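*Asks:* Need a 3D model of the sequence below.
(one chain, ligands or ions: 1)
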Amino acid sequence: MKTELIRPIVSLSGPLELPGDKSISHRYAMLAALADGTSELRNFAAARDCHSTLGCLKSLGADVKVEGTTVKITGHGLHGLKSSWRALDAENSGTTIRLLSGILSGQEFSTKITGDASLQKRPMKRVIAPLRQMGAEIRAKDDNFPPLEIHGGKLRAIHYEMPMASAQVKSAVLLAGLYAEGITEVAEPAKTRDHTELALEEFGALIKKRGRTVAIHGMASKNGHAALRPKSLDVPGDLSSAVFFIAAASMLPESNLYIANVGLNPTRSAILDFFQQMGASVSVLHLQSKQGELIGDISVKGSPLKGGFISGDLVPLLIDELPMLAALGPYTEQGIEIRDAQELRVKESDRIAALAGNLKRMGAKVEERPDGLRVEGRGAGQLRGAEIDPRGDHRIAMAFAVAGLGASSETLILDADCAGVSFPAFFAELRRLSASGNQ
Ligand code: S3P
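*Replies:* Sure thing, here's the model as predicted:
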């Protein structure tokens, strides 16, 4: 188990470019495997999760070539996948298993898909229920947990009202909708990231959006010869990875950080507005639209942070940034309060418990609640270094590495390799930018 020692520093400065967005990379890879021909995906995510997706696609017969950060995938059309003799392994990746479940529901063969110990504890009923309504036969442990056995086939279009705001559930239904006859509709209770819709349009599917409802026209109907077209695409840098550096630079007064080429899709960028509302010096430059996604540079300088409150419809828009915001709480004036975020309990770890437990070890004042937590601000005193157990969760490891930068003593991150699930170069980049500050 690799550990990382975090020493307090006074600033974080320099230029930074991030590997490709994890959510977008998953989707481009899956759609490329269903297209007719070879797609080229540049700046593909380094994230281990996305390589889990590539592994599954290879097992399903797609031709996948990884050349540095470029991935070439040759698909053979919507019905070009082949059955895999062994179970697919989604490893730690919820996006892989849930989105692939949608695609596998449309196949004429059966597939078993599973993952690591963390993934085997994550709820799948949320995708099983709508996919069954569409006609797939799915078996799962306790009817909820991986491994899943998916017997796909002919699907019918449905109108699905999602009980929770989840981009993964929406995406599973839309991907299955590719294989259904007619128009499949998904209505979400609150806006979630829309990369699946944008990527489907990019690859040539017909998508319609009306308020919080997304509709997809099935492409695999009896007389339809419609195919997704292969694409040559650039994946923007991952904003959710950028957030750890934005937080670190904001909280350390002398910082001056410039992050180039970051994905700024409006369903992801609420975090930048939130930082600005807290008083952070964060600005966006060179904003442009590419392949339906917004991209720009982000400049961050150190600045006092007020703190803030997150609840309701803001939660799904900030879902992956909540660990960092909570761990930033003790560095803000009024602290951070998070409500309506019970989803955090079923992520790669129980993130509410992992945040509360580790923050307390560093001396923070925290109140843990079923649906969130309240972390006291500066008034509760400076954090001290501690031994952090990230519980195998990448975002917990990275959030506490950042919190450790402003602590009064050294912090040891246990099992630090887990950061590779989304950002293998995280600690190397943190060291590089710390060194170019005034350590
Ligand atoms: C993701 C959606 C979110 C997010 C996850 C990635 C995606 O999950 O937390 O890291 O790529 O669709 P939910 O949709 O389950 O909230």
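*Asks:* Where do the helices of the stretch 101-250 of the chain begin and end?
*Replies:* 125-133, 167-177, 195-202, 239-251 (DSSP state H, counting those that start in this stretch).
*Asks:* Tell me which of these lies nearest to residue 367.
*Replies:* helix 239-251 (21.3 Å; Cβ to Cβ). Bear in mind the C-beta positions are built from the backbone N, C-alpha and C, glycine included.
*Asks:* Render the CA-only coordinates of that closest one in PDB, please.
*Replies:* Output of helix 239-251 as PDB, limited to C-alpha atoms (Å, rounded to 0.1, in the frame of the first residue of the first chain):
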ATOM      1  CA  LEU A 239     -12.900  19.800 -14.300                       C
ATOM      2  CA  SER A 240     -13.500  17.400 -11.300                       C
ATOM      3  CA  SER A 241      -9.800  16.800 -11.200                       C
ATOM      4  CA  ALA A 242      -9.100  20.600 -11.600                       C
ATOM      5  CA  VAL A 243     -11.200  21.300  -8.500                       C
ATOM      6  CA  PHE A 244      -8.600  19.800  -6.100                       C
ATOM      7  CA  PHE A 245      -6.100  22.300  -7.400                       C
ATOM      8  CA  ILE A 246      -8.600  25.200  -7.500                       C
ATOM      9  CA  ALA A 247      -9.400  24.500  -3.900                       C
ATOM     10  CA  ALA A 248      -5.700  24.300  -2.900                       C
ATOM     11  CA  ALA A 249      -4.700  27.500  -4.800                       C
ATOM     12  CA  SER A 250      -7.700  29.400  -3.300                       C
ATOM     13  CA  MET A 251      -7.000  28.500   0.300                       C
END
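*Asks:* From the contact counts, what lies against whichever helix or strand comes after it?
*Replies:* Downstream of helix 239-251, the first helix or strand assigned by DSSP states H and E is strand 256-263. Using 3 or more Cβ pairs under 8 Å, 6 or more residues apart in numbering; DSSP states H and E, the elements in contact with strand 256-263 are strand 13-17, helix 239-251, strand 293-301.
*Asks:* Ok, which of the helices of the stretch 101-250 of the chain comes nearest the ligand?
*Replies:* helix 167-177 (3.7 Å; Cβ to the nearest ligand atom).
*Asks:* quick one: the closest one to helix 195-202, angle?
*Replies:* 30 degrees (axes from the mean of the first three to the mean of the last three Cα atoms, to 10 degrees).
*Asks:* between helix 167-177 and helix 125-133, how many degrees?
*Replies:* Per the same axes, to 10 degrees, the angle that helix 167-177 makes with helix 125-133 is 20 degrees.
*Asks:* touching the ligand at all, helix 167-177?
*Replies:* Yes. Contact of helix 167-177 with the ligand (Cβ under 6 Å from any ligand atom) involves 167-168, 171.
*Asks:* Out of those, the closest to residue 98 would be?
*Replies:* Closest to residue 98, out of all of the residues of helix 167-177 next to the ligand and judged by Cβ to Cβ, is residue 168, at 4.1 Å.
*Asks:* thinking again about what came up before, find the one among the helices and strands packed on strand 256-263 with the highest mean neighbour count.
*Replies:* The highest mean neighbour count among the helices and strands packed on strand 256-263, using mean count of other Cβ atoms under 10 Å, belongs to helix 239-251: a mean of 27.
*Asks:* for the record, mean pLDDT for that one?
*Replies:* Averaging the model's pLDDT scores along helix 239-251 yields 98.
*Asks:* quick one, phi psi at residue 428?
*Replies:* Main-chain dihedrals, residue 428, degrees, to the nearest 10: phi -60, psi -40.
*Asks:* I'd like to know which of the helices and strands packed on strand 256-263 is closest to residue 363.
*Replies:* Nearest to residue 363 among those is helix 239-251 (16.1 Å), distances taken as Cβ to Cβ.
*Asks:* Taking their axis directions, the closest one and strand 256-263 sit at what angle?
*Replies:* Using the same axes, to 10 degrees: helix 239-251 against strand 256-263 is 160 degrees.
*Asks:* Bridge partners for the nearest residue to residue 298 once chain neighbours are set aside, pull those for me.
*Replies:* Excluding the flanking residues, the one nearest residue 298 by Cβ to Cβ, 6 or more residues apart in numbering is residue 259, at 4.5 Å. Note on residue 259: beta-bridge partners by DSSP bridges are residue 16, residue 298.
*Asks:* after the host helix or strand of residue 56 comes which helix or strand?
*Replies:* Counting by DSSP H and E, the element that carries residue 56 is helix 48-59. Moving toward the C-terminus from helix 48-59, the next helix or strand (DSSP H and E) is strand 63-67.
*Asks:* Go through the helix or strand following that following strand and flag the buried ones.
*Replies:* Later in the chain than strand 63-67, the nearest helix or strand by DSSP H and E is strand 70-76. Buried residues in strand 70-76, counting neighbours by 16 or more other Cβ atoms under 10 Å, are found at 71-76.
*Asks:* Ok, stretch 331-347 next?
*Replies:* Buried, per 16+ other Cβ under 10 Å, within stretch 331-347: 331-332, 334-341, 343-344, 347.
*Asks:* mind giving me CSV with the residues you listed and columns for distance to the ligand?
*Replies:* Conversion of those to CSV gives the following (distance: Cβ to the nearest ligand atom, whole Å):
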residue, distance to the ligand
331, 24
332, 23
334, 26
335, 24
336, 18
337, 20
338, 14
339, 16
340, 13
341, 10
343, 6
344, 9
347, 6
